[in-house]
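Undergrad: coordinates only, sequence not included:
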């Protein structure tokens with residue numbers, strides 16, 4: 001019997017910007033029928049698995065491009081560390097300042113069996129939506145295990161415009 005498959009860690013980018021002095025973050029919603037009606041706790045930073053020995057930040061940049069259809073902006077990436085989601089997935093993340101037009105989303109796709117155990121494969125986008133959220137709204141929408149990433153981002157860049165409160 002082969003050994004159980006070890007779950008690979010993921011790496012992602014938490015893109016952020018300021019609008020009217022308030023911090024906003026970009027989150028993505030998973031595609032497919034299993035996620036179609038889920039909202040609270042369903043959103044995530046753009047992320048994906050990486051192999052042992054692979055550069056995690058390089059993997060995070062690759063996954064951003066695969067899920068959104070454009071390379072992440074150039075610039076310094078602030079290490080937000082690693083979190084563990086409820087299902088045991090470890091996610092390493094970096095904060096990156098920049099902008100993204102959510103109307104330009106072009107996600108990669110994959111085959112998925114639907115309905116379950118039907119033997120029928122459908123092709124679905126890995127990400128079906130991307131949206132900018134205030135930190136308060138992002139905390140309601142993001143996968144609960146990724147919530148600490150928002151806290152760490154806020155510690156680094158703050159929520160309100162320093163000059164305007």
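TA: Received it, and whenever you're ready, just let me know what you need. Bear in mind that the values here come from a model prediction, so they are computed numbers and not experimental data.

Undergrad: Pull the number of nearby residues for residue 57.
TA: Residues within reach of residue 57, counting by other CB atoms under 10 Å, total 17. For glycine as for every other residue, the C-beta is placed from the backbone atoms N, C-alpha and C.

Undergrad: where does it fall, phi/psi-wise?
TA: Main-chain dihedrals, residue 57, degrees, to the nearest 10: phi -70, psi -40.

Undergrad: next one: residue 9
TA: Taking degrees, to the nearest 10, you get phi -70, psi 160 for the backbone angles of residue 9.

Undergrad: For residue 150, see how far away it is.
TA: 20 Å (CB to CB, to the nearest Å).

Undergrad: More neighbours: the two, which one.
TA: Of the pair residue 9 and residue 150, residue 150 is the one with more neighbours under other CB under 10 Å, namely 24 against 19.

Undergrad: Which helix or strand contains the more buried one?
TA: helix 147-157 (DSSP states H and E).

Undergrad: OK, contacts around residue 119?
TA: Applying CB atoms under 8 Å, 6 or more residues apart in numbering, we find residue 119 in contact with residue 113.

Undergrad: So it: helix, strand or coil?
TA: For residue 119, the secondary-structure state derived from DSSP: H, G, I helix; E, B strand; the rest coil is coil.

Undergrad: Look up the pLDDT of it for me, please.
TA: According to the model's per-residue confidence, residue 119 sits at a pLDDT of 93.

Undergrad: which phi and psi does it have?
TA: phi 80, psi 0.
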